[in-house]
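Novice: Here you go, sequence then predicted model.
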Amino acid sequence: MFWVTLALGSALFLGLYDIAKKKALTKNAVLPVLFFVSLTCIVSLLPAYFLGKIPSLSFREYGMLFIKAAIVTTSWNFTFHAVSRLPLSVTAPVRASAPIFTIAMAVTFMGERPSGMEWLGIAISVCGFLIMGFASRKETGHFFTNIWILSMFFGTFLGSVSGVYDKYLLHQLDLNPLATQFYYNIYMALLQGAGILLVKFFRRHSENGKRFEFRKVIFAVGIFLVIADRFYFLAVHEPDALISVVSIIRRSNVLISFAGGLIFFHEKHPPLKFVAMACISAGLICFALK
């Protein structure tokens, strides 16, 4: 079960990534941040490429990775815009709903079968999200009608689609994990760069009143993401790994993100938020104990 340890490592760095991402996006234009995060990821992986550790792929395999890049880029656009406008203590738990979508798709399309404990975890987690919605109304208005909450949920759903697609790429197509990580980041940078040029972000126009400010923390966002994804792709590539369980363990990063919102951004945490986090944590424990 080495893949469980790898998934836990991914969760740790994903939590640090969430904290750095919030710092990079606060009062900043979103698309340029997306682009420079992807660029940092590519530069971080270049030594492996020049050392010959990243194999070439077939034309079809490059095309499959372009599809993944399009899915992730769309997901990032929704989630990054939400993160730039909402408290981290709200967006991180919503992002943690990804395992629910992943389990549903893994059961339907990949033939995975959750245990009774996993179904219990889903029920407890859903209760946690409903409590979080009630607790966050003062900060976001009506939780499930707030456009940025909906944006976060849709981006999270697309992230789950990408997770199930990862299992297809790494198991059925048997793609190299490092090659997958490297080439899809290249495609993401190209897509995001095209988006920036399309809306003229490098001119003096602002994005909803927000101008782009380059911050050093953007490098940290990319580096933390590279490490988290490296652990993740290695975990999914393990022969006995279940994407439904890997996704659940990985999303325990919500605990680190929630603590980061409290420590670094001084976000308000009414008692109900802690109840919600306890429910989400209990749900994750149920998943882990399946």
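Specialist: Happy to help now that I have it. Residues are numbered from 1 along each chain as shown.
Novice: what about Val75, how many neighbours?
Specialist: You called it Val, but residue 75 is Ser. 20 (other Cβ atoms under 10 Å). Yep, even glycine has a C-beta here, placed from its N, CA and C like the rest.
Novice: so it is in which element?
Specialist: Element membership for Ser75, per DSSP states H and E: helix 59-85.
Novice: So which bits of that helix are buried?
Specialist: Under the neighbour-count criterion of 16 or more other Cβ atoms under 10 Å, helix 59-85 has 61, 64-66, 68-85 buried.
Novice: likewise stretch 188-195?
Specialist: Under 16+ other Cβ under 10 Å, the buried positions of stretch 188-195 are Met188, Ala189, Leu191, Gln192, Gly193, Gly195.
Novice: same for the helix or strand that contains Ala48, what does it pack against?
Specialist: Element membership for Ala48 (DSSP H and E) is helix 30-50. For helix 30-50, the packing partners by 3 or more Cβ pairs under 8 Å, 6 or more residues apart in numbering; DSSP states H and E come out as helix 2-25, helix 59-85, helix 177-198, helix 217-237.
Novice: Could you pull up the mean pLDDT of the helix or strand that the shortest one is followed by?
Specialist: Okay, so that is helix 217-237. Downstream of helix 217-237, the next assigned helix or strand under DSSP H and E is helix 243-250. For helix 243-250, mean pLDDT rounds to 80.
Novice: can you check stretch 80-92 too?
Specialist: In this model, stretch 80-92 has a mean pLDDT of 78.
Novice: residues contacting the spatially closest residue to Thr74 that is not a sequence neighbour?
Specialist: Leaving aside its sequence neighbours, Thr74 sits nearest to Leu158 (Cβ to Cβ, 6 or more residues apart in numbering; 5.7 Å). Counting by Cβ atoms under 8 Å, 6 or more residues apart in numbering, Leu158 makes contact with Ile71, Val72, Thr74, Ser75, Phe78.
Novice: could those residues be laid out in a markdown table, adding distance to Ala11?
Specialist: Formatted as a markdown table, these follow (distance: Cβ to Cβ, whole Å):
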| residue | distance to Ala11 |
| --- | --- |
| Ile71 | 21 |
| Val72 | 18 |
| Thr74 | 24 |
| Ser75 | 18 |
| Phe78 | 22 |
